[in-house]
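Colleague: pasting a predicted model and its sequence here:
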Amino acid sequence: MFPLSTPKRGRVSVAGPISRLSLFALAASSAFCLQPALAAPSGRDTVSISHDWRFTKGDAPGTTVDLRYDVRPPIEDAGDGKLADARPDAAVRIDTGGANVLKPWILPSANPFINDPAKHHVRPAGNPGGDLSYVQAGFDDSGWTKVDLPHDWAIAGPFITEGPYGGMGRLPSWGIGWYRKALDIPKGDAGKSLFLDVEGAMSYATVWLNGKLVGGWPYGYNSFRLDLTPYAVPGGRNQLAIRLDNPAASARWYPGGGLYRDIYLTKANKVHVGQWGGVVRTPQVSAQSATITLDLMVDNDSDKTAQVDVTTAIYALDAKGLRTGRAVASIARQGATIAAGAKTVLNGSTILNNPRLWGPPPTQQPNRYVAVSTVTQGGKVIDSYETRFGIRTIAFDPDKGVIVNGEHVPLRGVNNHHDLGAIGAAFNRRAAQRQLEILRDMGTNAIRMSHNPPAPELLELTDEMGLLVMDEVFDSWEKKKTPHDFHLIFPDWHEADLRSMLRRDRNHPSIIMWSVGNEVGEQYDGEAGAKIGRELVGIAHEEDPTRPATGAMNFAKADMLLPTTVDVISLNYQGAGIRGIIGQYPAFRAKFPDKLILSTESASALSSRGEYMFPVAGAISGPVRPWSGGNPETHQVSAYELHAADFGSSPDRVFAADDQNPYVAGEFVWTGFDYLGEPTPYYTSRSSYSGIIDLAGFPKDRFWLYQARWRPDLKFAHILPHWTWPGREGQVTPVHVFSSADEAELFVNGKSQGKIKKRDYEYRFRWDYVSYEPGEIRVDTWKGGKPWASQSVRTVGAAGKLALSADRSAIASDGKDLSFITLRVVDKNGDTVPMAKQKVDFSIEGPGKIVATDNGDPTDMTAFPSPSRAAFNGLALVIVQADAGKAGKIIVRARSEGLGEAQVVVTSNGKARSPTASPH
């Protein structure tokens, strides 16, 4: 077992069985098959089948059977209404086996992740849904919508402007959806094992092949595999049909709907490496050498005993994840005899000299390796499998914090929900990469995957970019937060869902710890809640004895039982104090002196980009109230960055709490980006106010407050607010400056407003009694008595024209890559007009399309696909995608009445991006 609390004070480290929590290296994604698929000699063929699906909402007209997974409780005043599932919640009997729900046929899909065979589910006889027209090969789906995956069926809107739908983003994500696709399974695939690998389906997925119910998976965030072999007809037509039943009131944020991640068809010989079958660990690491161990699970799906041999070569990877040069190490040949229908794990090890370590920039580099395992039978190659990994040591010191490769790394992290703004829940690598790049520029070095397993490609990006990750599995256990959330299936699925995530993700070097829950109701429940916590943490230790497991707590106190079950104390908001209660860091420190303490959610500060409200509070932190931080008429929140959710705090207050308790390992701010849904404090809006960066990807002023904190060597000074206030002449207009400098002087039209030195636990410069007069304000700053940085802001003129700029002027034409183009409304001098809200019409010419537009305004109910969008405080965004396989110039134009036209050119190169790994 894994006692992270050691008998005596000192560093907790992870390395083998975790009575030490220290040196470990982990593989960077279990097993990756590159796209395009590996050729036949490897014995494995993994093909993306994300192109050319047919989709429709709702069941077939006249359907008389109820294909619900299980009976759901009624929704009481939870935003159900006519747009939700309007069928009665009483189950309707189906005519197969006397059953009335699909649950008995779906549960066996969990068996590979249930460790006790006695608890495995037995599939009943019958074929529910087999007579439905939608699952038949002969059904004419030509009238359905043609889509490529990933696909979010709700993101196009329209927004639901009336009713209690703010929590889930005011988009119609609930309901039933069907997807159909004919699979290419040639006659030559006869005798192979065939698997459907789904990276995410929202939610309650049920799968039929050729009219036969294969299985499914309820939890919309987890990846899963289904065995198609018994139902496939090699050489014939193979019709795949997937039904999703996304409940209303199932989330506290926007979940999206549909097949919103990629799907693969894996074809393998009967004897092959199993799903997520490679596990790499490095129990000893030094600058001179690293011991690498590989556990490789080989399945024998045949009806005969198989004798196999496995060899493994290890290669270094470059920054793009491609192999470089010859093998740098190898694992000696191993042999095994595997009984028919059984599986075995082969254990091998090797020594790598002069390892290149994986670590977070800028002081370290995220170096990676790949272990290529070749399985042979009778001298013939029958499978080849890649396990990517990184080598690094990590320690969790209760006094110092997280230590990576011997270096103390304060956690400068953010929480992010899974939507990607205007493109919704449908995962897009470039959109996610852009988010991470913006966060990294701010100084972020850690991401908490709140509150669910992320897309596998997102973890590839964190590996590649060197970001530390807390990987989280559940937002609820047995106690509900919304009527139809995970609590309904927790008793049946918690083990399978947790083990599934752990096995999929445990080789990623970016992941430093697991979280088994967020703010669960069981915090209140004494031994009953602690029992669940111990079970989940125990499962995490069984699957991965090299990392600690935690759970985020927003209510538990140090003398309660739930904190005793986790390896790391993770507090949401309690560190800085919550709802007037004094900060809880000292109490937890006293009770658990040998456990690392961190803040899994901090701040929850609220603001709307560019919206400044007067008068400005003199306190450093306060809740949003009418005309005190919030405008109840416009539903905007002041951008002075002094207000927070009732349970939260301003960044300044959080910084002070952390500095007063230097043993705290760091924080994960709520949130990095605004996200769809949960729009505290105005639930009539579409998206949140808590992001440091708005939904369109434009930084709020808070960005520079965190940048000053997290990148203290970066020389800059950021002034707020803007200085264009017609009608405020002579009125008090406070000026704040964010900088890591320790002294600053403000000038208004050359006249000094005073020189200020920061005192202990102060993180901004404030001149709260400045009278507005048009012209220029300038700040000069010093650090350690030496000049640091200067910045000026001037009054701008009337809106005179438009300006466009692309984040990337050349993109791949793979039908996935994106260019994010910023529109600015500017005056004659090219300065952004800070309160401009003109409507702008976008158009495109050439081999590309406009995917979405946005402006970061949480109150804007214009549908995201609209080519027309009002600027919000001078800015708007248009997202462009190149047509697949087509090269040429894409010209994007913007036009607004009285402001003329602007254009920008993006080149499509006619090529796909370098293949990225897919974990199957």
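Modeller: Received, thanks. Bear in mind that the values here come from a model prediction, so they are computed numbers and not experimental data.

Colleague: thought residue 847 was touching residue 884?
Modeller: No. Between residue 847 and residue 884 there is no contact under CB atoms under 8 Å: 9.2 Å. For every residue, glycine as well, the C-beta is placed using N, CA and C.

Colleague: okay, and the common contacts of these two?
Modeller: residue 813 (CB atoms under 8 Å, 6 or more residues apart in numbering).

Colleague: convert the C-alpha atoms of stretch 771-785 to PDB, please.
Modeller: Listed next in PDB are the C-alpha coordinates belonging to stretch 771-785 (Å, rounded to 0.1, in the frame of the first residue of the first chain):
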ATOM      1  CA  SER A 771      -9.200  62.900 -11.500                       C
ATOM      2  CA  TYR A 772      -9.800  62.100 -15.200                       C
ATOM      3  CA  GLU A 773      -8.600  64.500 -17.800                       C
ATOM      4  CA  PRO A 774      -8.100  63.500 -21.400                       C
ATOM      5  CA  GLY A 775      -4.500  63.100 -22.600                       C
ATOM      6  CA  GLU A 776      -1.900  60.500 -21.400                       C
ATOM      7  CA  ILE A 777      -1.100  58.700 -18.200                       C
ATOM      8  CA  ARG A 778       2.300  57.200 -17.700                       C
ATOM      9  CA  VAL A 779       3.800  55.000 -15.000                       C
ATOM     10  CA  ASP A 780       7.500  54.600 -14.300                       C
ATOM     11  CA  THR A 781       8.500  51.600 -12.100                       C
ATOM     12  CA  TRP A 782      11.600  50.500 -10.200                       C
ATOM     13  CA  LYS A 783      12.700  47.200  -8.700                       C
ATOM     14  CA  GLY A 784      15.500  47.100  -6.100                       C
ATOM     15  CA  GLY A 785      16.100  50.700  -6.700                       C
END
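
Colleague: show me how far that stretch is from its chain's centre.
Modeller: Relative to the chain's own centre, stretch 771-785 is displaced by 39 Å; criterion: CA atoms, centre = their mean, to the nearest Å.

Colleague: how long is stretch 225-239 end to end?
Modeller: End-to-end distance for stretch 225-239, by CA to CA, to the nearest Å: 17 Å.

Colleague: now that stretch: buried residues?
Modeller: By 16 or more other CB atoms under 10 Å, the buried positions in stretch 225-239 come out as 225-229, 231-232, 234, 238-239.

Colleague: pLDDT of it, averaged?
Modeller: Average pLDDT, stretch 225-239: 97.

Colleague: other residues contacting it?
Modeller: Contacts with stretch 225-239, where a contact means CB under 8 Å, 6+ apart, come from 109, 135-137, 180-190, 192-198, 207, 209-212, 214-216, 265-266, 275, 301, 920.

Colleague: of these, buried ones?
Modeller: Among the contacts of stretch 225-239, those scoring as buried are 109, 135-137, 180-181, 183, 185, 189, 192-198, 207, 209-211, 214-216, 265-266, 275, 301, 920 (criterion: 16+ other CB under 10 Å).

Colleague: next step: the residues you listed restricted to strands.
Modeller: With strands taken from DSSP state E, the overlap with the buried ones among the contacts of stretch 225-239 comprises 180-181, 183, 193-198, 207, 209, 214-216, 265-266, 275.

Colleague: which SS state does residue 706 fall under?
Modeller: Secondary structure, DSSP: H, G, I helix; E, B strand; the rest coil: residue 706 is helix.

Colleague: what sits opposite residue 273 in the beta ladder?
Modeller: Listed by DSSP bridges, the beta-bridge partners for residue 273 are residue 298.

Colleague: so residue 880 sits against residue 844, correct?
Modeller: Yes. With contact defined as CB under 8 Å, residue 880 counts as touching residue 844 (6.6 Å).

Colleague: these two: which is more packed in?
Modeller: Set residue 880 next to residue 844 and count neighbours by other CB atoms under 10 Å: residue 880 wins out with 24 against 17.

Colleague: distance of that one relative to residue 125?
Modeller: To residue 125, residue 880 is 52 Å away according to CB to CB, to the nearest Å.

Colleague: do the same with residue 100
Modeller: Distance, residue 100 to residue 125, by CB to CB: 15 Å.

Colleague: just want to know which of these two has more residues nearby.
Modeller: Using other CB under 10 Å as the criterion, residue 100 and residue 125 rank with residue 100 on top: 17 against 7.

Colleague: next, give phi and psi for the residue in the chain sticking out farthest from the centre.
Modeller: What lies farthest from the middle of the chain is residue 751; by CA atoms, centre = their mean that is 47.8 Å. Dihedral pair for residue 751: phi -100, psi 130, per degrees, to the nearest 10.

Colleague: same deal with residue 657?
Modeller: Phi and psi for residue 657, reported as degrees, to the nearest 10, are phi -60, psi -40.

Colleague: so who does it touch?
Modeller: Contacts of residue 657 by CB under 8 Å, 6+ apart are 575-577, 583, 585, 649, 664.

Colleague: by neighbours, which of those residues wins?
Modeller: Among the contacts of residue 657, residue 576 has the most neighbours (other CB under 10 Å), with 29 neighbours.

Colleague: for the closest residue to that residue other than its chain neighbours, give its distance to residue 499.
Modeller: The shortest distance from residue 576 to any non-neighbouring residue, by CB to CB, 6 or more residues apart in numbering, is to residue 657 (4.0 Å). According to CB to CB, residue 657 and residue 499 sit 36 Å apart.

Colleague: just checking, residue 158 touches residue 863?
Modeller: Yes. With contact defined as CB under 8 Å, residue 158 counts as touching residue 863 (5.3 Å).

Colleague: higher neighbour count, the two?
Modeller: residue 863 (17 against 13).

Colleague: can I assume that one sits in a strand?
Modeller: No. Assignment of residue 863 by three-state DSSP gives coil, placing it outside any strand.

Colleague: which of the residues in stretch 279-293 are classified as buried?
Modeller: In terms of neighbour count (16+ other CB under 10 Å), stretch 279-293 has its buried residues at 279-285, 290-293.

Colleague: quick one: residue 786 from residue 743, how far?
Modeller: The gap separating residue 786 from residue 743 is 10 Å, by CB to CB.

Colleague: neighbour-wise, which of those two wins?
Modeller: Between residue 786 and residue 743, counted using other CB under 10 Å, residue 743 has the larger neighbour count: 18 against 8.

Colleague: residue 674 versus residue 420, what's the distance?
Modeller: Using CB to CB, residue 420 is found at 12 Å from residue 674.

Colleague: can you check residue 415 too?
Modeller: 12 Å.

Colleague: residue 757 pairs with what?
Modeller: According to DSSP bridges, beta-bridge pairing links residue 757 with residue 743.

Colleague: ok, it touching residue 743?
Modeller: Yes. With contact defined as CB under 8 Å, residue 757 reaches residue 743; the gap is 4.9 Å.

Colleague: quick one on the thing from earlier: quick check, nearest of the buried residues of stretch 225-239 to residue 439?
Modeller: Proximity of the buried residues of stretch 225-239 to residue 439 was ranked by CB to CB; the top entry is residue 225 with 31.7 Å.

Colleague: so where does that closest one fall, helix or strand?
Modeller: For residue 225, the host element (DSSP states H and E) is strand 224-227.

Colleague: chain center to that strand, what's the gap?
Modeller: With CA atoms, centre = their mean, you get 22 Å for strand 224-227.

Colleague: so for stretch 636-643, what's the average pLDDT?
Modeller: The average pLDDT within stretch 636-643 is 98.

Colleague: output it as PDB - backbone C-alpha positions only.
Modeller: Below are the C-alpha coordinates for stretch 636-643, written out as PDB (Å, rounded to 0.1, in the frame of the first residue of the first chain):
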ATOM      1  CA  GLN A 636     -21.300  42.900 -16.600                       C
ATOM      2  CA  VAL A 637     -18.700  42.800 -13.800                       C
ATOM      3  CA  SER A 638     -16.100  45.400 -13.200                       C
ATOM      4  CA  ALA A 639     -12.600  44.800 -14.700                       C
ATOM      5  CA  TYR A 640     -10.700  46.400 -11.800                       C
ATOM      6  CA  GLU A 641     -10.200  42.800 -10.700                       C
ATOM      7  CA  LEU A 642     -11.300  43.400  -7.100                       C
ATOM      8  CA  HIS A 643     -14.500  41.300  -7.000                       C
END
